[in-house]
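# pasting the sequence and the predicted model now:
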There are 2 protein chains.
Amino acid sequence: MATTITRTRRRGRQTISFELTPAVVAAAAVVGPKEGQGPLGDYFDVVKEDDLLGEKSWERAEARMLTEACRLALRKAGHSLKDVDYLVAGDLLNQITSSSFVARELKLPFLGIFGACSTFAEGMAVGSMMIDGGYATSLLVGVSSHHCTAERQFRFPTEFGNQPPPSAQWTVTGAGAVLMAAQGDGPAITMATIGRVTDPGLKDPLNLGAAMAPAAADTILRHFEDTGRTPEDYDLIVTGDLADVGKQITADLLERKGLDVAGRLFDCGSAIYEPSQGVESGASGCGCSAAVFSGYLMQGMLGGRYRRLLLVCTGALFSPTSYQQGESIPGIAHAVALETQDAPG
Amino acid sequence: MATTITRTRRRGRQTISFELTPAVVAAAAVVGPKEGQGPLGDYFDVVKEDDLLGEKSWERAEARMLTEACRLALRKAGHSLKDVDYLVAGDLLNQITSSSFVARELKLPFLGIFGACSTFAEGMAVGSMMIDGGYATSLLVGVSSHHCTAERQFRFPTEFGNQPPPSAQWTVTGAGAVLMAAQGDGPAITMATIGRVTDPGLKDPLNLGAAMAPAAADTILRHFEDTGRTPEDYDLIVTGDLADVGKQITADLLERKGLDVAGRLFDCGSAIYEPSQGVESGASGCGCSAAVFSGYLMQGMLGGRYRRLLLVCTGALFSPTSYQQGESIPGIAHAVALETQDAPG
C-alpha cells in the first residue's frame, strides 16, 4: 500500500481530515444486564447476565468485557489478532488498568490513552491518524467502564447506597471496540476535531453533564467552523454521555451561538436507559458512547439509517483527589466524522 | 508544507519510521530540590527550592512544574502558544489530572495519554506520527511526576515514613517538555517502536524495576530486529527508570538473547540521584526520563556528545487497587530513536 499522497491534513485550528478515510470494518458491544434491559438492549452484541461475569472482582469483570468486545470485533471482520498492528485503549480506572490488562492478554503493541468519557473518540482520532498516516494497516480501539468499579472509585463505596441527586448519572457497565483498517467495508472516518479543555468552574461530581456541556458545545462549534459544514450535513450529532441535564445545556449553548441542531442532537447517555430504570439524569462512563456506537449506531450506519454521524465524546477531567482538594471539574470533547460510502460528497 | 510522500511507514512488526523526521526544537526540564542536588542537577533548566512551589497542595505543584516546563520549551524556541497545534501529555496521577489542568491553562487541543513511566516516549511517538503524518506542524509533549503525590497515591501516606526495601525506587519530582515541529533545528525523531505489555508475574510495588525489565528488553530486542540496526548504531541506549535492580536484569536478559549493550546502557533512574541521597535502587516516575532527557540528554545531543540515542521509557502498569486485589504488575516500554543532523546515515 505504498500510495502517493500529499501531506497537509489540517482543516482549520483543531480539525484534521483523512485521505485514506480509515474504515470501521467491525464493531462490537458487550454490556451488563441493566444496559441490556434498556431501550437499546437489542442492539448490543452481548448482554451479560450479571455484573461480575463470574469473576472475583468487578475490575476483572470490566477487563473481561473489554477483551470480549475486542475479540468479537475481530471475529465479525473475519480477522485474527495477528492481523492487528496495535491496540489503542483506555478506561476510567486509576492508571487505566482495565486497558493494560486487556493489552497484556491480547499481546498487541499498546497505546494507552485517557480522556475520561471522551476516550472512545480520542482513540478513534488517534487510530485514524495511525492508519491514514501509514503507521498501521489495522488496529483495535477499545474502551470500557463499569458501574461498580467507577462508583466506588469516584464517589462512594457501592455498599453505602448513596442517594444521588437528579443531576447524577449512572456509569454504564459496558465495553465497545472497533476494528479500524486502511482497507475494508464499513463507515469511513473522514475527519477528527481534537478538543480543548474548558472549565465552567463547577465542582460537583454528581453533575458532570453540566461540567462537560461547554466542552461539547466548543468542539461542535469548532468542527463546523473548521470544516465549513453545517448540522444539516449530519444525520445525527451524537454526544457521548451528557445525559439529560448536560444535553439541554449543550443545546442551549449552541442555540445562543446561532447553531441550530434541533432534531439532530442524540446523546448516548440519554438514550441507553429508560427513565424508569432509576438513573436520574441518564448515563455516563466511557463505555456509554463506546457501546452505543459499537452497537446501536454502527448498525444504523450499516443498515442505511444513518449516512453521516458526528460522534462527539465528552469527558469530565477530574479525580476524587482533585475535587476533594476543591478543584473545579474541567471538560473536554473530541469529535470524529463517520460516513458511509454512499454519503453525499 | 504540502509535500508529496509515499505511504508505508512500517518497519517490521512494531516499529515505524518517519520521513519528515520531526525535530525536537526545544526541551525544558523543571525539577525539585532533591533532583537538583543530584549528579545531573546542573543540566536542569529550573531547580525548585521546595516541593510545594508555594502552592497549597503537591498536586498543584506538580501541575505547575509541568506548565512551566511547557512554557519554557516554547520560550527557548522563540515560539508562543499560538504557534502550537496540540498538547500531548500524561502523568501518574489518577485520571492524569496534572496534565488535564495544564491543558486547561495552556488552552491547547489536548490528547491525554497514559503509559505509566513509559509516557514520555509514548508521547513522543504519538507526536511524531502527528507531525510526520501532516496532522500537526508543531506540538508540545509534556510529562510530570512528583514524589509526594505519587507516594501517597501508590504506596503509603507520606507522613507514615515507610521504610523502603533496597529494590524500591524514589519517584522523581520533575517535569519535562519537548516542543516538536515539522521544521526546525534540533535532534530528529526518526523511528519509534511501540511496546507490548509483558508480565513477569511479580506483585511487589516496591520492586518495579524487576517488573519493567522484561518489557524494556522486549522492546529493545524488537527495535533491533525490526530495523536491522545494532547497538553500535547508538551512542546510548537510554532506559527510563529501571534503576539499579531493573537495569541489571535488563542487561542480563539482553545478554542471554545475545545482544551486547555493554557500555551503552544508560538508565535515567540510576543516573539522576547519588546513592548517598537515600533512594535505594534509584529513581522512578514518568518525570524521571522526561526531565533527564529534556535536561541532560538533550544538551548532550545539542553539544555533539551524542549523535544517536535510543530512548526506551519503561512503565509499570498497575494501580493500588490492582495489586491489592492480587494482580501481578505488567510492564511496557516504548522507544524512540533520536538523531542529530550529522548522525551517520
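In hand now; what should we look at? Numbers count the residues shown, from 1 in each chain, chains lettered A, B, ... in the order given.
# looking at the stretch 1-150 of chain A, which residue is nearest chain B?
Residue nearest to chain B within the stretch 1-150 of chain A (Cβ to the nearest Cβ): A:G133, separated by 3.1 Å. No exception for glycine: its C-beta is placed from N, CA and C like everyone else's.
# who touches the closest residue to that residue other than its chain neighbours in this structure?
Closest residue to A:G133 apart from its sequence neighbours, by Cβ to Cβ, 6 or more residues apart in numbering or on different chains: B:G133 at 3.1 Å. Taking Cβ atoms under 8 Å, 6 or more residues apart in numbering or on different chains, we find B:G133 in contact with A:R9, A:M129, A:D132, A:G133, A:G134, A:Y135.
# how close does the residue of the stretch 1-150 of chain A closest to chain B get to B:A188?
Going from A:G133 to B:A188 by Cβ to Cβ, to the nearest Å gives 17 Å.
# pretty sure A:G38 is one of the things A:Q277 touches, is it not?
Yes - taking contacts as Cβ atoms under 8 Å, A:Q277 lies within contact range of A:G38: 6.4 Å.
# so where does A:V24 fall, helix or strand?
For A:V24, the element it lies in under DSSP states H and E is strand A:23-31.
# for the helix or strand that comes right after that strand, buried residues please.
The first helix or strand that comes after strand A:23-31 along the chain, using DSSP H and E, is helix A:33-36. Neighbour counts over helix A:33-36 (16 or more other Cβ atoms under 10 Å in any protein chain shown) mark A:K34, A:E35, A:G36 as buried.
# neighbours around the spatially closest residue to the last one that is not a sequence neighbour, how many?
What it means is A:G36. Sequence neighbours aside, A:V47 is the residue nearest to A:G36 in space, at 3.1 Å (criterion: Cβ to Cβ, 6+ apart). The local packing of A:V47 (other Cβ atoms under 10 Å in any protein chain shown) involves 19 other residues.
# ditto for A:I189
For A:I189, using other Cβ under 10 Å, the count is 27.
# so who does it touch?
A:F18, A:T21, A:P22, A:A23, A:V24, A:M124, A:S128, A:M180, A:V336, A:A337, A:L338.
# return the subset of the residues you listed lying in helices.
A:M124, A:S128 (DSSP state H).
# buried among the contacts of A:I189? Make that a PyMOL selection.
In PyMOL syntax, the buried subset of the contacts of A:I189 is picked out as below (16+ other Cβ under 10 Å):
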select buried, chain A and resi 18+21+22+23+24+124+128+180+336+337+338
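# report the beta-bridge partners for A:L236.
A:L309 (DSSP bridges).
# one step back: the contacts of B:G133 in helices, which ones?
A:M129, A:D132.
# show me just the buried residues among the contacts of B:G133.
The neighbour-count test (16+ other Cβ under 10 Å) marks A:R9, A:M129, A:D132, A:G133, A:G134, A:Y135 as buried among these.
# where exactly do the strands run in the stretch 51-200 of chain A?
Ranges of strands within the stretch 51-200 of chain A are A:86-91, A:110-112, A:138-145, A:169-171, A:174-181, A:188-193, based on DSSP state E, counting those that start in this stretch.
# still on that earlier bit, and the strand holding A:V24 with chain B, contact?
No - contact between strand A:23-31 and chain B is absent, the nearest approach being 15.8 Å (criterion: Cβ under 8 Å from any Cβ of the partner chain).
# repeat for stretch A:278-293
No - judged by Cβ under 8 Å from any Cβ, stretch A:278-293 stays clear of chain B, getting no closer than 11.3 Å.
# before we move on, the earlier item: list phi and psi for the residue nearest to A:G133.
Dihedral angles of B:G133 (phi, psi; degrees, to the nearest 10) stand at phi -80, psi -10.
# domain ranges for chain A, per the record?
A:10-166+A:171-180, A:187-339 (automatic domain parsing).
# count residues in the vicinity of A:E255, would you?
Residue crowding around A:E255 was assessed by other Cβ under 10 Å; the count is 13.
# separation between it and chain B?
24 Å (Cβ to the nearest Cβ, to the nearest Å).
# which residue sits closest to whichever residue of the stretch 201-345 of chain A sits closest to chain B, ignoring its sequence neighbours?
Nearest to chain B in the stretch 201-345 of chain A, going by Cβ to the nearest Cβ, is A:L317, at a distance of 3.7 Å. Once flanking residues are discounted, A:L317 sits nearest to B:S100: 3.7 Å by Cβ to Cβ, 6+ apart.
# and that neighbour, how many residues sit next to it?
33.
# pLDDT added to the buried ones among the contacts of B:G133, as CSV?
Converted to CSV, those look like this (pLDDT from 0 to 100):
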residue, pLDDT
A:R9, 88
A:M129, 97
A:D132, 95
A:G133, 94
A:G134, 94
A:Y135, 96
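# of the residues you listed, just say which sits nearest to A:I249.
A:M129 (30.7 Å; Cβ to Cβ).
# A:R104 against B:G201, yeah?
No - using Cβ under 8 Å, A:R104 makes no contact with B:G201, being 11.1 Å away.
# compare those two (neighbour count), which wins?
A:R104 (22 against 9).
# for that one, which residues are in contact?
Per Cβ under 8 Å, 6+ apart, neighbours of A:R104: B:V197, B:T198, B:D199, B:L317, B:P330.
# nearest residue to it other than its sequence neighbours?
B:V197 (4.2 Å).
# the one you found against A:A103, yeah?
Yes - B:V197 is within contact range of A:A103, at 4.4 Å (criterion: Cβ under 8 Å).
# so which of the strands of the stretch 51-200 of chain A is nearest B:R64?
strand A:110-112 (24.7 Å).
# and the contacts of that closest one?
A:86-90, A:96, A:99-100, A:103, A:126, B:113-115, B:122, B:125-126, B:194-197, B:317, B:332.
# mind listing which of those residues are in helices?
Per DSSP H, these map to helices at A:S99, A:S100, A:A103, A:V126, B:E122, B:A125, B:V126.
# relative to A:V336, how far out is A:G295?
17 Å.
# which parts of the stretch 151-300 of chain A sit against chain B?
A:Q153, A:I194, A:G195, A:R196, A:V197, A:T198, A:D199.
# mind doing that once more with 6 Å?
By Cβ under 6 Å from any Cβ of the partner chain, the residues of the stretch 151-300 of chain A that approach chain B are A:I194, A:R196, A:V197, A:D199.
# beta partners for the second one?
Per DSSP bridges, the residues bridged to A:R196 are B:P109.
# count the neighbours of A:E55 for me.
A:E55: 14 surrounding residues under other Cβ under 10 Å.
# ok, back up a step: and the furthest pair within the contacts of A:R104?
Maximum distance among the contacts of A:R104 (Cβ to Cβ): 10.1 Å, for B:T198 and B:L317.
# who has more neighbours, those two?
B:L317 (30 against 20).
# quick check: which ranges of chain A have low pLDDT?
Where chain A drops to pLDDT under 70, the residues are A:1-7, A:345.
# show me how far stretch A:183-202 is from its chain's centre.
Mean-position distance between stretch A:183-202 and its chain equals 9 Å (Cα atoms, centre = their mean, to the nearest Å).
# er, stretch A:322-337 actually
15 Å.
# for the stretch 151-300 of chain A, which segments are assigned as helices?
For the stretch 151-300 of chain A, the helices defined by DSSP state H, counting those that start in this stretch cover A:208-227, A:243-256, A:268-271, A:286-292, A:298-302.
# can you say which of these is packed in most?
Ranked by mean neighbour count, these are led by helix A:286-292 with a mean of 36 (mean count of other Cβ atoms under 10 Å in any protein chain shown).
# so which other helices or strands are in contact with that one?
For helix A:286-292, the elements it packs on are helix A:119-132, strand A:138-145, strand A:174-181, helix A:268-271, judged by 3 or more Cβ pairs under 6 Å, 6 or more residues apart in numbering or on different chains; DSSP states H and E.
# which one of those lies nearest to B:A291?
helix A:119-132 (25.4 Å).
# tell me the spacing between the nearest residue to A:G115 once chain neighbours are set aside and B:P165.
Distances taken as Cβ to Cβ, 6+ apart put A:E122 closest to A:G115, at 4.1 Å, once the chain neighbours are dropped. To B:P165, A:E122 is 38 Å away according to Cβ to Cβ.
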